[in-house]
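*Asks:* My questions are about this predicted structure, shown below with the sequence.
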Amino acid sequence: MSGQGIAQILVYAVVLVALGYPLGVYMARVYGDRFLVSGPFGWLRGTERGFYRLVRTDAKKEQGWKSYGKTVLIFSVVVMGVLYGIQRLQGHLFLNPDHMKAVPPHLALNTAASFITNTNWQYYGGEYTMSYLTQMAGLAVQNFVSAAVGMAVLAAVVRGIARRSMGTLGNFWVDLYRSLFYILLPLCLIVSAILIWQGVPQTFHAHATVTTLQGAHQQTIARGPVASQIAMKQLGTNGGGYYNSNSGVPFENPTGLSNFLEMLALLLIPAGQVFMFGKMVFARRHAWMVFAAMFAVFAIGLAVNLPAEQHGSQVLRSSGVNITQGHGQSGGNMADKEIRFGQAATANWTVATSDASNGSVNGGFDAMTPAGGAVPLVNLFLGEVIFGGVGSGLYGMFFYIIIAVFIAGLMVGRTPEWLGKKIEAREIKLAALGALFVPTMVLTMTAVAIVTKSGLASIYNHGVHGFTETLYAYDSQANNNGSAFAGYGLTSFSGSFGTVALLLGRFVPLLAALALGASLAAKKTVPASSGTFRTDGPTFVVLLVGVIALTAGLMILPALTLGPIVEGLMH
């Protein structure tokens, strides 16, 4: 590891906190009861009222968790149907200068489920499968909408934690609108403008045909409305990319500055939401401890991935490849990595994208060393709660916090409390459901995929690496990440099975979180006493990290021994 690489990571961490904190304070205002747009943007109040009339809702009428959850589900089904229809009809619609044909039914269904669940798992290459209209009106719109749904649900859950003896969590349509127009859209405009300045295409012209430097061949270069989609897929932790190779493609990520900005956008909103939570529940020190626990796991992932990739493998050494770090050369395992970014920036992106439920990449996971590739695999399996997806990451972390304070209560022999509210049987059951449902589903689906003929048809690599490829595919889809170990292919089985993973992985924890928020909203607060376990100190950080490692980490350990661990011992 070079000093320059370490400095890059430290600067990234500092900038993330410096921007995340004020963003969190702003988001707390946006979701507050007294938020009112004024000044030069006062006209936005009229558009907001118009939106409420369009969806026929009374902004002042709040919903209980069942009504809120029902609205989320109905809205998601409707937009999923619209996205499916756009893909199937794109060959007959406008903004299709390259004459893309209709997307096949099983691929269109999987893609629609993927984008409405904030996953962006892609069984296709965007530049040669989707028309400009599908990319913009279909996929890019869902990048906004799916992110806004997660943010709205988090706002509702946090209100439930903050309230006392109440039965409502807010109004979904109000939370959705404010997430879209007061948070996501302004940030997207800023990031898009910077990416265009750095050279990311934003055009409606067809693919360009150019003559290569050798002069003997012509090459087709894909382009289109790229910058706007890249900005939103990073900010909304959607992932994927306009191009098949995501941000490893120079047209999607042309410079060192664009790489840093896209990495920063990965974690900006999830990090800010931790501070938003602290302000809304009047527990800022507790929020800092939650942030510290997240950052500790993030740092552990970097401390494993970066040295593993820098060290390379015995296979590379035996083949005569020069993996020595030197001037102008990062060294180590550079397979499927961009030389212009090197090891540190690739490792930083790898850990951030797998922690953030994003899934976009600037280097290939499939070519990583066994230890390096195990890091994103484990990060996903933890439930995407280390910052996680916008909204979903923090409400997923609440499940682990409930389990942690429950264990603390058992150790001191008294009823556990969190933020002045007693944690009882209902909260524990909901937390267990939210924390354990997805890991259990991942292992079950992986087992089915590797013992059935239909499942084996999707595996490209044989042996232990093929097992890791399969495990990662369902780990990524169920946890709504979207990244992949390249090679796991599309069949009618994998497309349909993956669609089930996408939908259940999104909506079961989401509904459990809403139910948890409502349960806490109905409770009264009790004053802290000398026996109350404090959640605003380093002891809580250690306990929380330990609970995450023991709860999800132990579940994946047997699977790791069948995949990355065995592969590492073989090499």
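*Replies:* Received it, and whenever you're ready, just let me know what you need.

*Asks:* and the next element down the chain from the lowest-mean-pLDDT helix or strand in the chain?
*Replies:* Within the chain, no helix or strand scores below helix 314-318, which has a mean of 76 by mean pLDDT, DSSP states H and E. Following helix 314-318 in sequence order, the next helix or strand is helix 342-355 (DSSP states H and E).

*Asks:* re earlier: so for the least confident helix or strand of the chain, what gets flagged as buried?
*Replies:* Buried residues in helix 314-318, counting neighbours by 16 or more other CB atoms under 10 Å, are found at Leu316. Bear in mind the C-beta positions are built from the backbone N, C-alpha and C, glycine included.

*Asks:* What are the boundaries of the strands in this structure?
*Replies:* Assigned by DSSP state E, the chain shows strands spanning 208-211, 218-221, 417-418, 421-422.

*Asks:* wait, which of those strands is closest to Leu490?
*Replies:* Across these, Leu490 has its closest neighbour in strand 218-221 (23.2 Å, CB to CB).

*Asks:* Would you mark the buried spots in the closest one?
*Replies:* Buried residues in strand 218-221 (16+ other CB under 10 Å): none.

*Asks:* In terms of secondary structure, what does it contact?
*Replies:* strand 208-211 (3 or more CB pairs under 8 Å, 6 or more residues apart in numbering; DSSP states H and E).

*Asks:* Identify each buried residue in stretch 84-101, please.
*Replies:* The neighbour-count check on stretch 84-101 (16+ other CB under 10 Å) flags Tyr84, Ile86, Gln87, Arg88, Gln90, Asn96, Met100 as buried.

*Asks:* taking the mean pLDDT, what do you get for it?
*Replies:* For stretch 84-101, mean pLDDT rounds to 91.

*Asks:* what distance separates that stretch from the centre of its chain?
*Replies:* Its chain's average C-alpha position is 28 Å from that of stretch 84-101, according to CA atoms, centre = their mean, to the nearest Å.

*Asks:* Can you tell me which residue sits nearest the middle of this protein?
*Replies:* Among the residues of the chain, Ser357 comes closest to the average C-alpha position under CA atoms, centre = their mean, at 1.8 Å.

*Asks:* Relative to Ala28, how far out is the residue nearest to that one when sequence neighbours are not counted?
*Replies:* Of all residues not flanking Ser357 in the chain, Gly389 sits nearest, at 3.3 Å (CB to CB, 6 or more residues apart in numbering). Distance from Gly389 to Ala28, counting by CB to CB, to the nearest Å: 19 Å.

*Asks:* give the contact list for Asn110.
*Replies:* By CB atoms under 8 Å, 6 or more residues apart in numbering, the residues touching Asn110 are Trp121, Tyr123, Leu490, Gly495, Ser496, Gly498, Thr499, Leu502.

*Asks:* Quick check: the closest residue to Gly248 other than its chain neighbours vs Ser530, distance?
*Replies:* Spatial nearest neighbour of Gly248, excluding adjacent residues (CB to CB, 6+ apart): Asn362 at 5.1 Å. If you measure Asn362 against Ser530 using CB to CB, the figure is 51 Å.

*Asks:* His217 now?
*Replies:* Distance from His217 to Ser530, by CB to CB: 78 Å.

*Asks:* Gly31 is in contact with Arg178, isn't it?
*Replies:* In this structure residue 31 is Tyr, not Gly. Yes: using CB atoms under 8 Å, Tyr31 is in contact with Arg178, at 6.6 Å.

*Asks:* Return the backbone torsion pair for the residue nearest to Gly248.
*Replies:* Phi and psi for Asn362, reported as degrees, to the nearest 10, are phi -120, psi 10.

*Asks:* wait, doesn't it sit right on Glu252?
*Replies:* No: using CB under 8 Å, Asn362 is not in contact with Glu252, being 9.0 Å away.

*Asks:* and Gly236, how many neighbours?
*Replies:* 30 (other CB atoms under 10 Å).

*Asks:* What are the neighbouring residues in contact with it?
*Replies:* Counting by CB under 8 Å, 6+ apart, Gly236 makes contact with Asn118, Asn143, Phe144, Ser146, Ala147, Leu184, Ile269, Val390.

*Asks:* which residues touch the residue nearest to Ser357?
*Replies:* Asn118, Ala147, Gly150, Thr237, Pro270, Ala356, Ser357, Asn358, Asn480 are the contacts of Gly389 under CB under 8 Å, 6+ apart.

*Asks:* Find the residue closest to the fifth one in space, skipping its chain neighbours.
*Replies:* Put plainly, it is Pro270. Using CB to CB, 6+ apart and skipping the chain neighbours, the partner closest in space to Pro270 is Phe387 (4.0 Å).

*Asks:* ditto for the last one
*Replies:* Counting by CB to CB, 6+ apart, Thr119 is the residue found nearest to Asn480 once chain neighbours are left out, at 4.2 Å.

*Asks:* Verify the contact between that neighbour and Leu504 for me.
*Replies:* No: Thr119 is beyond contact range of Leu504, at 12.0 Å (criterion: CB under 8 Å).

*Asks:* More neighbours: which of these two?
*Replies:* Between Thr119 and Leu504, Thr119 has the larger neighbour count (other CB under 10 Å), namely 34 against 17.

*Asks:* if we can go back for a sec, can you tell me which of the contacts of Gly236 lies nearest to Lys70?
*Replies:* Using CB to CB, these come closest to Lys70 at Ser146, 17.8 Å.

*Asks:* ok, the closest residue to the closest one other than its chain neighbours - contacts?
*Replies:* Excluding the flanking residues, the one nearest Ser146 by CB to CB, 6+ apart is Asn118, at 3.9 Å. Counting by CB under 8 Å, 6+ apart, Asn118 makes contact with 146-147, 149-150, 236-238, 357, 389-390, 392, 480, 506.

*Asks:* repeat that for 10 Å
*Replies:* For Asn118, the contacting residues are 142-143, 145-150, 236-239, 357-359, 389-392, 480-482, 502, 506, by CB atoms under 10 Å, 6 or more residues apart in numbering.

*Asks:* where does it sit relative to Ala432, distance-wise?
*Replies:* To Ala432, Asn118 is 23 Å away according to CB to CB.

*Asks:* Same question for His311.
*Replies:* His311 is 39 Å from Ala432, by CB to CB.

*Asks:* repeat for Gly359
*Replies:* Counting by CB to CB, the separation of Gly359 from Ala432 is 27 Å.

*Asks:* Between the two, point out the one with more neighbours.
*Replies:* Using other CB under 10 Å, the more surrounded residue of Gly359 and Ala432 is Gly359, with 33 against 16.

*Asks:* Surely that one and Trp349 touch.
*Replies:* No: with contact defined as CB atoms under 10 Å, Gly359 does not count as touching Trp349 (11.2 Å).
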